[in-house]
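Asker: Sequence below, structure please.
(one chain, ligands or ions: 1)
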Amino acid sequence: MHGYPKPFRVAFLGPIGTYSHQAAYDRFGPCVEYHECGTITDVFNAVSSKATHVGVVPQENSIFGSVTETYDALRVRDVGFIQGEVVLEVQHCLLVRHGVKQQDIRTIKSHEQALGQCRGFIAKNFPSASLEKVASTAAAAEAVLTSSDSAAICSKLCATVFDGLEILFESIQDQTSNFTRFYVISTTRDTELPPPPDPIPGKTRCLIRLSSRTDAFPAPAITQLLTALAIPVSRLDRRPQLENTRLFHDVYFAELGCGESDSDAWPADIERGIERVRASGGEADLLGLW
Ligand SMILES: O=C(O)C(=O)Cc1ccccc1
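Answerer: Residues are numbered from 1 along each chain as shown. Below is the predicted model of the structure:
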């Protein structure tokens, strides 16, 4: 842990009251120092600049899908190393300043993920409200403290964190069952983490970033890169490549998993798969193993 300030520091998308904060607390508990960030990108920056040992970022939601800002950050070289995941149940509420009534509401504020997870509720109950994306659900709760015509979609906890808010509706997401998965990222693969509350022996998941090499001609298709990898992929995401020398040249994120009994051989299997992708005209980088 050389080069890091003590004690163990954890960056999360703030302010206190976000789902990211709840996920970080579930994983790291009361004995670490928490560092609030204004955006998901700031969480990545806190980790890569070594201001914190780790960061907790939302990665996917069971209703609304991938968290674009997280995958955009993962496009960048040396962005950090995923060392774990946290799954959190998410039940959204609609909160207003004390005394604000349903008929007063003109604007609904939240993180774009939360607005997306509650589309049905908004269309049914507030068909003409404007939707305002803000950096986080708790930032939305804080913002409506001073508004007489807006509401925030956020967790019930925000009614306790921010004095002066009341809950108008509970469990407003489009499916009763709603879960968000978070990645725990550290600066390097070697950063030592406190043990999780329910440790499992070995590592059974990994994330690999894949793209065709810009000088490879003809450029191998993603299907060719996955064939070369030759390890089953459980999840695949795609974002435009930043150094875009070819039109619509994308970068892919492949998540792979193995059974607990195969976890000893797993890191070496992955390394061999990555070498095969490189030999077939692709770029491949291991972004996490947990
Ligand atoms: O804004 C938050 O509270 C976050 O942590 C991002 C998010 C938003 C909605 C569902 C899950 C995570």
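Asker: Point out the residues in this structure that sit beside the ligand.
Answerer: 13, 18-20, 58, 61, 90, 111, 113-114, 136-138, 180 (C-beta under 6 Å from any ligand atom). Where you see a C-beta, it was placed from the backbone N, CA and C, and this is true even at glycine.
Asker: Narrow those to those in helices?
Answerer: Secondary structure from DSSP state H places Tyr19, Ser20, Gln113, Ala114, Thr137, Ala138 of those in helices.
Asker: Just among these, which is most surrounded?
Answerer: Thr137 (31 neighbours; other C-beta atoms under 10 Å).
Asker: hang on, that residue packs against Tyr19?
Answerer: Yes. Assessed by C-beta atoms under 8 Å, Thr137 is found in contact with Tyr19 at 6.5 Å.
Asker: Against Ile167, how distant is the nearest residue to Ser130 once chain neighbours are set aside?
Answerer: Using C-beta to C-beta, 6 or more residues apart in numbering and skipping the chain neighbours, the partner closest in space to Ser130 is Thr107 (5.0 Å). Using C-beta to C-beta, to the nearest Å, Thr107 is found at 18 Å from Ile167.
Asker: okay, the two: which has more neighbours?
Answerer: Applying other C-beta under 10 Å to Thr107 and Ile167 shows that Thr107 carries more neighbours, namely 16 against 13.
Asker: Tell me which residue in the stretch 151-290 of the chain sits closest to the ligand.
Answerer: Relative to the ligand, the nearest point of the stretch 151-290 of the chain is Thr180 (4.0 Å; C-beta to the nearest ligand atom).
Asker: Could you give the bridge partners of that residue?
Answerer: Thr180 has these beta-bridge partners by DSSP bridges: Asn61, Leu88.
Asker: Test my guess that it contacts Glu85.
Answerer: No. If you go by C-beta under 8 Å, Thr180 and Glu85 don't touch, sitting 10.6 Å apart.
Asker: which of those two has more neighbours?
Answerer: Applying other C-beta under 10 Å to Thr180 and Glu85 shows that Thr180 carries more neighbours, namely 24 against 20.
Asker: so where does Phe44 fall, helix or strand?
Answerer: helix 40-48 (DSSP states H and E).
Asker: Ok, Lys109 next?
Answerer: strand 107-110.
Asker: And that strand, how far out from the chain middle?
Answerer: 21 Å (C-alpha atoms, centre = their mean, to the nearest Å).
Asker: With stretch 280-290 instead?
Answerer: With C-alpha atoms, centre = their mean as the basis, stretch 280-290 stands 19 Å off its chain's centre.
Asker: Count the residues that sit near Tyr106.
Answerer: Rather than Tyr, residue 106 is Arg. Arg106 has 13 nearby residues by other C-beta under 10 Å.
Asker: For it, give me its contacts.
Answerer: Shown in contact with Arg106 (C-beta atoms under 8 Å, 6 or more residues apart in numbering): Ala129, Ser130, Asp149, Ser150.
Asker: Make TSV out of the residues you listed and add neighbour count and distance to Ala268.
Answerer: What follows is the contacts of Arg106, written out as TSV (neighbours: other C-beta atoms under 10 Å; distance: C-beta to C-beta, whole Å):
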residue	neighbour count	distance to Ala268
Ala129	16	54
Ser130	10	54
Asp149	13	59
Ser150	21	54
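Asker: Make TSV from these and add secondary structure to it.
Answerer: Shown next, in TSV, are the contacts of Arg106 (DSSP: H, G, I helix; E, B strand; the rest coil):
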residue	secondary structure
Ala129	coil
Ser130	strand
Asp149	coil
Ser150	strand
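Asker: Of those residues, which is the nearest to the ligand?
Answerer: For the contacts of Arg106, the nearest to the ligand is Ser150 (16.3 Å; C-beta to the nearest ligand atom).
Asker: which SSE is Ala143 in?
Answerer: Going by DSSP H and E, Ala143 is in helix 137-144.
Asker: can you list contacts of that helix?
Answerer: Under the contact criterion C-beta under 8 Å, 6+ apart, helix 137-144 has outside partners 14-19, 21, 38, 92, 95-97, 100, 109-111, 114, 132, 134, 150-155, 158, 161-162, 165.
Asker: and if we set it to 6 Å?
Answerer: Residues outside helix 137-144 that contact it (C-beta atoms under 6 Å, 6 or more residues apart in numbering) are 15, 17-18, 95, 97, 109-111, 114, 134, 150, 152, 154, 158, 162.
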